[in-house]
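Asker: with the sequence up front, the predicted model follows.
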Amino acid sequence: MSDVKELMRQKIEVLDRAARAYYAEGEEIMSNFEYDRIYDELVELEKESGIILAGSPTQRVGYEVLSELPKERHPSRMLSLDKTKDREELAAWLGDHKGLLSWKLDGLTIVLTYAGGELVKAVTRGNGDVGEVITGNARTFVNVPLKIAYKGDLVLRGEAVITYKDFEEINEALPEGEQPYKNPRNLCAGSVRQLNSEITAKRRVRFYAFTLVSAAGVDFADSRENQMKWLAAQGFDTVYYKVVTGNTLVEAVGEFEEAIVDNPVPSDGLVLTYDDMVYSATLGTTAKFPRDSIAFKWQDQTAETVLREIEWSASRTGLINPVAIFDPVELEGTTVSRASLHNISIMEDFELGIGDTITVFKANMIIPQLADNLTRSGHFDIPAVCPVCGGRTEVKDENGVRTLYCGNPDCLAKQIKGFSLFVSRDAMNIDGLSEMTIEKLIGRGLIKEFADLFHVERFHDEIVEMEGFGEKSFAKLKASVEKARATTPDRLLYALGVPGIGTANAKLIAKACQNDWAKMQGLTAEELTTIEGIGDVLASGYVKFFGDPEKQRIVADLLAEVELDESFEVGDTFLDGLTFVITGSLNHYENRDALKALIEGAGGKVAGSVSAKTSYLINNNVASTSGKNKKAKELGIPIIDEETIKGWLDQGKVE
């Protein structure tokens, strides 16, 4: 028995270490697959021995509350859910009852309280007994209503999440040297529990209601479905659900399974709840689980394969990520041959070595990950030089997690922002090259300068194997590249990333040179400062940029790939000398950029903020009390609506 207890203690220690890293430190030191496997083994040991040790994670709910946020005890303990991976077992659990089957969102559970129609409190789940008060942060969530029509006391629960799209964009915007976030769930947990609400607001956290706890005086006819409909009517986004019976449940699970690939919100399974609230109330709870709800976890499909290579991929933050390359296997209907290993610590935990027999799976049926290493040879080399620039690497240890970095500040991989600018809409306008895709191409050494982007066919095999790519995506990318070859001098100038030269300045310079690229590239500082809006600092940076031999080589290579339209027509410049600021929504134009282009085409300038140099503020809500309207009125700047500027542009004159 002492051996069994020691084994249990070892598993508890491993699980505690992983949970602490995941919930409190935002680190992932083992996969969900590995955590669930050890957890299930602990459950079996407890059942067989009849012993449950103090502090066992099988008896715990939520995470340890360690932050500096105010704490509050929940009126009643918030329990976790029992789970199953068997669809027939799930149907048997529902029996003859009606149920609600919904996504089990992978974020942070939040309790919201409303009084008098206003949000008055938001508390995290915490450890189930005590949560953290995050009311100020919750007010910044993208979709949480601050006021609702219902004026009674309302308490509801939901999940705070960050979508996959927002997660990617937040990672792309990180400054150089910062390690990218591992997954949306960790980023969300850290964002929700910030001491500074401004940081939370920038993370675009969303809230999806999944349970109505209480709403005084409202009759829901004992139906959870009615509760969900009522919450939606109050302005809450509710978790997506289907009404099911024992006969339709298995089919509904299959529909969710097919939809998970396109689901924009992270999910780690499903939740099934009885619709009948009276029946639910009679069931009570266990020490850890309510009896009226159950979680369904996907039965992870694993495949055995052989590890052939560890690929080290450099990123713009300096982090060099290890990627496992293995013999292709079929998982969840697709062929996979790569899986991120995240960091050196995970590689060491798996004791990886080339030629090892490994098992792989798709986390949440989407992201390929290692499940286990069956042979554990432990023979892998940490590269001494960066795969992109050849600079020396260094291993950093942060909170016990070892990661590899490139120490060269001039590493090409750190210039991804420049490539992202180059392909952006106002520059070369190459669709299909997100910052993350560019990062992968550079990280693998496939592109080294801008001109390489016009030969994506050279990297066909590598690109179609990337996550989210395929033959159809590659064909679209190639077509977009070919279309981008035809461009104008101002777009090319902006695309190069000359310090201080934005779209407006690029157009001014191109106009001053009548679209003659050779003249634009050879401008002197004196000539530049004669152009309105170009000062000494910008002129100095411009001349230095085009005087650099390496930049000259890059531009020459690029000019060999593009078809530059240097034609120039002297147009009507009736708005010459006028500066506009555009704010608010538009009715006649697709967006502000469309109106901006027309104003600039007529000789005018468009600025981002109101100042003494502003000639007109364009705002359809002339009576608005916005900051820009107030500033314009203080400075005596006329405020005109969209109809007015449209009339001027149509008639070719200011009236």
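Answerer: Received it, and whenever you're ready, just let me know what you need. Just so you know, these numbers come straight off a predicted model, no measurement behind them.
Asker: so how far is Thr403 from the residue sitting nearest the centre point of the chain?
Answerer: Among the residues of the chain, the one closest to the centroid is Phe167, at 1.0 Å (Cα atoms, centre = their mean). Separation of Phe167 from Thr403 (Cβ to Cβ, to the nearest Å): 19 Å. In short, each C-beta sits where N, CA and C put it, glycine included.
Asker: one step back: pLDDT score assigned to the residue nearest to the centre of the chain?
Answerer: pLDDT, Phe167: 84.
Asker: any idea which helix or strand carries it?
Answerer: Using DSSP states H and E, Phe167 falls within helix 164-172.
Asker: chain center to whatever helix or strand comes next after that helix, what's the gap?
Answerer: Next along the chain after helix 164-172, taking DSSP H and E as the criterion, comes helix 184-192. Averaging C-alpha positions (Cα atoms, centre = their mean, to the nearest Å) puts helix 184-192 11 Å from its chain's average.
Asker: which residues does the helix or strand following helix 184-192 contact?
Answerer: Moving toward the C-terminus from helix 184-192, the next helix or strand (DSSP H and E) is helix 197-202. Contacts with helix 197-202, where a contact means Cβ atoms under 8 Å, 6 or more residues apart in numbering, come from 136-137, 139-141, 191-192, 194.
Asker: returning to what we had before: got the angle between the helix holding Phe167 and helix 184-192?
Answerer: Taking axes from the mean of the first three to the mean of the last three Cα atoms, to 10 degrees, helix 164-172 and helix 184-192 form an angle of 70 degrees between their directions.
Asker: which strands and helices lie in contact with helix 164-172?
Answerer: For helix 164-172, the elements it packs on are helix 184-192, helix 435-443, judged by 3 or more Cβ pairs under 8 Å, 6 or more residues apart in numbering; DSSP states H and E.
Asker: if we go to 10 Å?
Answerer: Applying 3 or more Cβ pairs under 10 Å, 6 or more residues apart in numbering; DSSP states H and E, one finds that helix 164-172 makes contact with helix 184-192, helix 416-423, helix 435-443.
Asker: what comes up buried for it?
Answerer: Across helix 164-172, burial judged by 16 or more other Cβ atoms under 10 Å covers 166-168, 170-172.
Asker: so where is the stretch 451-600 of the chain shaky, pLDDT-wise?
Answerer: The stretch 451-600 of the chain contains residues with pLDDT under 70 at 467-468, 532-533, 570-572, 590.
Asker: could you find the lowest-pLDDT member of the contacts of helix 197-202?
Answerer: Ranking the contacts of helix 197-202 by pLDDT puts Gln194 at the bottom, with 81.
Asker: hmm, Ala160 and that one touching each other?
Answerer: No. Taking contacts as Cβ atoms under 10 Å, Gln194 lies outside contact range of Ala160: 11.8 Å.
Asker: anything in contact with each of the two?
Answerer: Taking Cβ atoms under 10 Å, 6 or more residues apart in numbering as the contact rule, Gln194 and Ala160 both touch 134, 137, 200, 203, 205.
Asker: now do the contacts for the first one.
Answerer: For Ile134, the set of contacting residues under the criterion of Cβ under 10 Å, 6+ apart consists of 67, 69-70, 108, 110, 121-124, 140-141, 160, 192-195, 197, 200.
Asker: if I look at the residue nearest to the centre of the chain, how far off is Ala18?
Answerer: Distance from Phe167 to Ala18, by Cβ to Cβ: 21 Å.
Asker: what's the answer for Thr393, then?
Answerer: 27 Å.
Asker: next, Ile325: secondary structure please.
Answerer: Secondary structure, DSSP: H, G, I helix; E, B strand; the rest coil: Ile325 is strand.
Asker: mind starting the numbering at 68 from now?
Answerer: Understood, numbering begins at 68; the last thing we discussed is Ile392.
Asker: quick check: which ranges of the stretch 168-317 of the chain have low pLDDT?
Answerer: Residue ranges of the stretch 168-317 of the chain with pLDDT under 70: 239-246.
Asker: show me where it has its helices.
Answerer: Per DSSP state H, counting those that start in this stretch, the stretch 168-317 of the chain carries helices over the ranges 202-205, 231-239, 251-259, 264-269, 291-300, 316-326.
Asker: for Thr426, find the nearest of the ones you listed.
Answerer: helix 316-326 (21.0 Å; Cβ to Cβ).
Asker: what's that closest one packed up against?
Answerer: Judged by 3+ Cβ pairs under 10 Å, 6+ apart, helix 316-326 is in contact with helix 154-161, strand 166-172, strand 308-311, strand 334-341, strand 360-363.
Asker: what does it rub up against?
Answerer: 154-155, 157-161, 166, 168-171, 307-312, 315, 330, 334, 336-337, 339, 363, 365, 399-400, 432.
Asker: quick check: next helix or strand after the helix or strand hosting Val622?
Answerer: Using DSSP H and E, Val622 sits in helix 616-626. Proceeding N to C from helix 616-626, the next assigned helix or strand is strand 630-631, under DSSP H and E.
Asker: which secondary structure elements does that following strand sit against?
Answerer: Under the contact definition 3+ Cβ pairs under 10 Å, 6+ apart, strand 630-631 sits against strand 553-554, helix 556-562.
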